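Asks: here is a sequence together with a model predicted from it:
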Amino acid sequence: MEEELERLEDNYEDARLASHNVTHNLNKMAEAVGLYKALWSPEEICITSASQMIAPLEKAIKELENDPEKYKAYNPSNGWGNYDIFVSFCKSVLHTCREHPDAVIEAAG
């Protein structure tokens, strides 16, 4: 086990459980639903593990689905990203967090 951990420390890509990506053009939508910092800079709000992402994601997804027209108003005018892409992204991240609650969360800019 120790040898495996040392090998994984040497190869970050092998240690990664998942990687999610969404356009930053959806930042205003994320901010409006209260997810901007959780998704783009979780360390600023002391989110370090996947389990800490579950409640904010569940709350935001519920809000997004309860009032789609409010959030569709934040669709970027340049067409790069939209409400449906953002909801799908949030659900995908939530699924991964539930599968790996002890995983370390990192955001790359």
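Replies: Structure's in. What do you need?

Asks: and the residue nearest the centre of this protein?
Replies: Leu39 (4.4 Å; C-alpha atoms, centre = their mean).

Asks: how close does that one sit to Ile105?
Replies: 10 Å (C-beta to C-beta, to the nearest Å). The way it works is simple: take the backbone N, C-alpha and C, and place the C-beta from them, glycine included.

Asks: that older thread, nearest residue to the residue nearest to the centre of the chain in space, please, no chain neighbours.
Replies: Ala30 (5.7 Å; C-beta to C-beta, 6 or more residues apart in numbering).

Asks: which residues are in contact with the residue nearest to the centre of the chain?
Replies: Counting by C-beta atoms under 8 Å, 6 or more residues apart in numbering, Leu39 touches Val22, Ala30, Val93, Ala107.

Asks: of all those, which comes closest to Ile54?
Replies: Val93 (9.7 Å; C-beta to C-beta).

Asks: element containing the closest one?
Replies: Using DSSP states H and E, Val93 sits in helix 83-99.

Asks: what about that helix, average pLDDT?
Replies: Across helix 83-99, pLDDT averages out at 96.

Asks: so where's this protein shaky on pLDDT?
Replies: Residue ranges of the chain with pLDDT under 70: 1-17, 109.

Asks: where exactly do the helices run in it?
Replies: 2-10, 12-15, 27-32, 36-40, 51-66, 68-72, 83-99 (DSSP state H).

Asks: quick one: list the elements packing against the third one.
Replies: Applying 3 or more C-beta pairs under 8 Å, 6 or more residues apart in numbering; DSSP states H and E, we find helix 27-32 packed against helix 36-40, helix 68-72, helix 83-99.

Asks: just the ones you listed: most buried one?
Replies: helix 36-40 (a mean of 19; mean count of other C-beta atoms under 10 Å).

Asks: what separates that helix from the chain centre, distance-wise?
Replies: 7 Å (C-alpha atoms, centre = their mean, to the nearest Å).

Asks: looking at the helices and strands packed on helix 27-32, which is closest to Ile54?
Replies: Among these, helix 83-99 sits nearest to Ile54 (C-beta to C-beta), with 5.2 Å.
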